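Chemist: Sequence first, predicted model second:
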Amino acid sequence: MGNTKKTVPVRKSNKGIFIGTGIIIVLIAVFFIVKGIGSSGTETVSQGGDITIKKSDVTETAKFYPYKVGNTKMEVLAVKAPDGTIRTAFNTCQVCYNSGRGYYKQEGDELVCQNCGNRFKTSQVEKIKGGCNPVPILKDNKTDDGTNIVISKDFLAQNKDLFGNWKKQ
């Protein structure tokens, strides 16, 4: 009998492919987290600086911009009105804010107060002051350079008391 060698198939390692795929998945996940995608229209929380709202990102569906002053959680909303202008307000009700549930959720073209149920047309944001509606952030309290709307940290800090009892979930 002669020398019989068993031939064992050479198996290539897929380790490099798995590592590369894993890195790509992690990078994609980080991208989506940073961009705020999948967060129900809510942008990333800002703390300590100005809020900058990119006008091209705002649509007829209200976007909510969380903000923190110290331990106080706040929120600004921005929505595109039928005339194409971007309207801004604090996401708290001028009447119900002290209840802690005086914040808004959008249903169709209306914002609904989660405390009293009052319905407020998105086209009226920033136009009506007083009553059960979102606290407007008027032209004098923000800057608009044509591309972005900036709301200063000082103005936000001055209005943190509107959110003292806020219990938004």
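Modeler: Everything's here; your move.
Chemist: where does the protein dip in pLDDT?
Modeler: 1-48, 169 (pLDDT under 70).
Chemist: what do you get if the cut-off is 90, keeping everything else the same?
Modeler: The chain contains residues with pLDDT under 90 at 1-49, 93-94, 96-98, 100-101, 128-133, 164-169.
Chemist: domains of this structure?
Modeler: 15-40, 46-163 (automatic domain parsing).
Chemist: Need the winner for burial among those.
Modeler: With neighbours defined by mean count of other CB atoms under 10 Å, none of the domains of the chain is more surrounded on average than domain 46-163, at a mean of 17. C-beta coordinates here come from the backbone N, C-alpha and C atoms, glycine included.
Chemist: which residues of this protein fall in strands?
Modeler: Secondary structure of the chain (DSSP state E): strands at 46-47, 51-54, 63-69, 72-80, 86-93, 104-107, 110-113, 119-121, 134-136, 143-144, 148-151.
Chemist: could these be laid out in CSV, adding distance to Leu162?
Modeler: Shown next, in CSV, are the strands of the chain (distance: least, CB to CB, whole Å):
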stretch, distance to Leu162
strand 46-47, 17
strand 51-54, 15
strand 63-69, 11
strand 72-80, 8
strand 86-93, 5
strand 104-107, 13
strand 110-113, 14
strand 119-121, 16
strand 134-136, 6
strand 143-144, 21
strand 148-151, 14
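Chemist: Could you pull up the residues touching the nearest residue to Ser123 once chain neighbours are set aside?
Modeler: Using CB to CB, 6 or more residues apart in numbering and skipping the chain neighbours, the partner closest in space to Ser123 is Ala81 (4.9 Å). Listed by CB atoms under 8 Å, 6 or more residues apart in numbering, the contact set of Ala81 reads Arg87, Thr122, Ser123, Val125.
Chemist: From Thr143, how far off is the last one?
Modeler: Spelled out, that is Val125. For Val125, the distance to Thr143 equals 18 Å [CB to CB, to the nearest Å].
Chemist: need the contact list for the closest residue to Tyr67 other than its chain neighbours.
Modeler: Once flanking residues are discounted, Tyr67 sits nearest to Met74: 4.5 Å by CB to CB, 6+ apart. Applying CB under 8 Å, 6+ apart to Met74 gives the contacts Pro66, Tyr67, Lys68, Phe90, Leu156, Asn159, Lys160, Leu162, Phe163, Trp166.
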